[in-house]
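[1] sequence? don't have it. structure:
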């Protein structure tokens, strides 16, 4: 509907209610991208990463939303930051392999699959 002002107002209202919700910042970044405001979009993407909680499910949710809006590089950064936030308890190797495959980065994709197998050999048939 291209009613950007109302959309921005609604998203900012959500942020006031839950200011640390990374996925809402993805919505804001998407809106700014649609509006053609690259500077605000980049700022919102930074907020996504700055407000990322050490929660595997939230990281996966935010990553999916980022991929849906075409923010592949930010998605990669998010997964890598997520690994750090989770203190290596989950390595997002499968997710990173899929992401690298979508980007056409086959060496990194293979590396991620090898890491996945190193962590859990039951993934060999899938890989």
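    Great, that's in hand. Since the model is a prediction, treat every value here as computed from it, not as a measurement.
[2] Let me see the contact set for residue 121.
    Contacts for residue 121 (C-beta atoms under 8 Å, 6 or more residues apart in numbering) come out as none. Placement of C-beta: from N, CA and C, glycine included.
[3] Give me the contacts around the helix or strand containing residue 48.
    Assigned by DSSP states H and E, residue 48 falls within helix 38-50. With contact meaning C-beta under 8 Å, 6+ apart, helix 38-50 is reached by 22, 25-26, 28-29, 32-33, 62, 66, 71, 74, 77-78, 81.
[4] Quick one: mean pLDDT for it?
    For helix 38-50, mean pLDDT rounds to 94.
[5] Can you give me the buried ones in it?
    40-41, 44-45, 47-49 (16 or more other C-beta atoms under 10 Å).
[6] which helices and strands sit right next to the following helix or strand past it?
    Using DSSP H and E, the next helix or strand after helix 38-50 towards the C-terminus is helix 56-68. Applying 3 or more C-beta pairs under 8 Å, 6 or more residues apart in numbering; DSSP states H and E, one finds that helix 56-68 contacts helix 22-35, helix 72-85, helix 93-103.
[7] just to revisit the earlier point, off-centre distance for the helix holding residue 48?
    12 Å (C-alpha atoms, centre = their mean, to the nearest Å).
[8] need the helices and strands packed on helix 56-68 in JSON lines with mean pLDDT and distance to residue 15, can you?
    Output for the helices and strands packed on helix 56-68, formatted as JSON lines (pLDDT from 0 to 100; distance: least, C-beta to C-beta, whole Å):
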{"stretch": "helix 22-35", "mean pLDDT": "91", "distance to residue 15": "6"}
{"stretch": "helix 72-85", "mean pLDDT": "95", "distance to residue 15": "18"}
{"stretch": "helix 93-103", "mean pLDDT": "94", "distance to residue 15": "26"}
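[9] Which of those helices has the highest mean neighbour count?
    Across the helices and strands packed on helix 56-68, the average number of neighbours (mean count of other C-beta atoms under 10 Å) peaks for helix 22-35, which reaches a mean of 21.
[10] Give me the angle between it and helix 72-85.
    Counting by axes from the mean of the first three to the mean of the last three C-alpha atoms, to 10 degrees, helix 22-35 lies at 160 degrees to helix 72-85.
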